[in-house]
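A structural model of the following input is requested.
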Amino acid sequence: MASSEVASEAYAFPCRDDGASTALSASVVVSVLASILERHIARNERALAVAGSREEAAAEDDDDGDAAAAARRRRVRAFDGGTVLDMSLHAFLERFSRYAHVSPEVYVVAYAYLDRLRRGDAGVRVVRTNAQRLLTAAILVASKFVEDRNYKNSHFAAVGGLSAAELSALELDFLFLMQFRLNVCVSVFQSYCRHLEREVSYGGGGYRRLDKALVCAGEARAQQAQHRQAAAAQ
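Coordinates of the predicted model:
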């Protein structure tokens, strides 16, 4: 996981036009991310309904001759608990902000992880029966990468409606599916922020716009130093 130095170097808050720092709004990020995931889930479930049986048969054939593929599928199946959230995705994501103080940056990194899983060899797709486990694990891992201090796994498990032992096992499965490639560079992070900002624009004014994409921490510190020097010179 990321050290405090990595986290501080990788991310800073967005800047307004006047150069001052401003925090991303967790409520906006949660709203936009929930909307995106709802669409992904609907699309994924339609695709699985059409091709599910054919894909399952082909996957079983691949498993017979490929131990690595079999292991990946076992890890993917671990997230399919067969249960559906008894609340909206928005309400579920908001719980982590409210009860685990998850920052907007963590949500963005978790979204980047889910996108990597979708594009990776395992082809993990979010559906209603795995959303609870997959999102909880993604947010937990992203929080450990981004934040200097975190709640224990047992606290995240309680927020996500899972047992501590279950979440710890899912965290390990998640890491292996990610192939332990957790780093999200600043440029990639900014691209996901821009994607979320476009979603806000397309939403027709339902959310206030996100501010500018993040700048690297070095720039932010340089700007702050300039402001301090200017204030001291006056």
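
do a quick rundown of the helices in this structure.
Remark: helices assigned in the chain by DSSP state H are 4-10, 26-65, 67-77, 89-99, 104-119, 131-146, 153-160, 164-177, 186-202, 217-233.

neighbours of residue 51, how many?
11 (other Cβ atoms under 10 Å). (Glycine included, C-beta is placed from N, CA and C.)

ditto for residue 86
Neighbourhood size, residue 86 [other Cβ under 10 Å]: 9.

the helices of the chain: which one's closest to residue 125?
helix 26-65 (4.3 Å; Cβ to Cβ).

for that closest one, what is the average pLDDT?
Helix 26-65 shows a mean pLDDT of 77.

surely residue 176 touches residue 75?
Yes. Using Cβ atoms under 8 Å, residue 176 is in contact with residue 75, at 5.8 Å.

so these two - more neighbours on which side?
Under the criterion of other Cβ under 10 Å, the comparison of residue 176 against residue 75 puts residue 75 first, with 19 against 13.

what's the closest non-adjacent residue to that one?
Using Cβ to Cβ, 6 or more residues apart in numbering and skipping residues adjacent in sequence, the residue nearest residue 75 is residue 173, 4.2 Å away.

next one: residue 38
residue 89 (5.8 Å).

so how far is residue 144 from that neighbour?
Distance from residue 89 to residue 144, counting by Cβ to Cβ, to the nearest Å: 22 Å.

which of these two has more residues huddled nearby?
Between residue 89 and residue 144, residue 89 has the larger neighbour count (other Cβ under 10 Å), namely 21 against 17.

and the more buried one, what is it in contact with?
34, 37, 38, 41, 131 (Cβ atoms under 8 Å, 6 or more residues apart in numbering).

how many residues are close by the residue nearest to residue 132 when sequence neighbours are not counted?
Leaving aside its sequence neighbours, residue 132 sits nearest to residue 85 (Cβ to Cβ, 6+ apart; 5.4 Å). The tally of other residues near residue 85 (other Cβ under 10 Å) stands at 15.

so residue 85 sits right up against residue 130, yeah?
No. Residue 85 is beyond contact range of residue 130, at 10.5 Å (criterion: Cβ under 8 Å).

between these two, what contacts are shared?
Counting by Cβ under 8 Å, 6+ apart, residue 85 and residue 130 have no shared contacts at all.

quick check: residue 197 vs residue 190, distance?
On the measure of Cβ to Cβ, residue 197 and residue 190 end up 10 Å apart.

on that earlier part again, if you compare the helices of the chain, which one is most tucked away?
Comparing those on average neighbours per residue, with mean count of other Cβ atoms under 10 Å, the densest one is helix 131-146 at a mean of 24.
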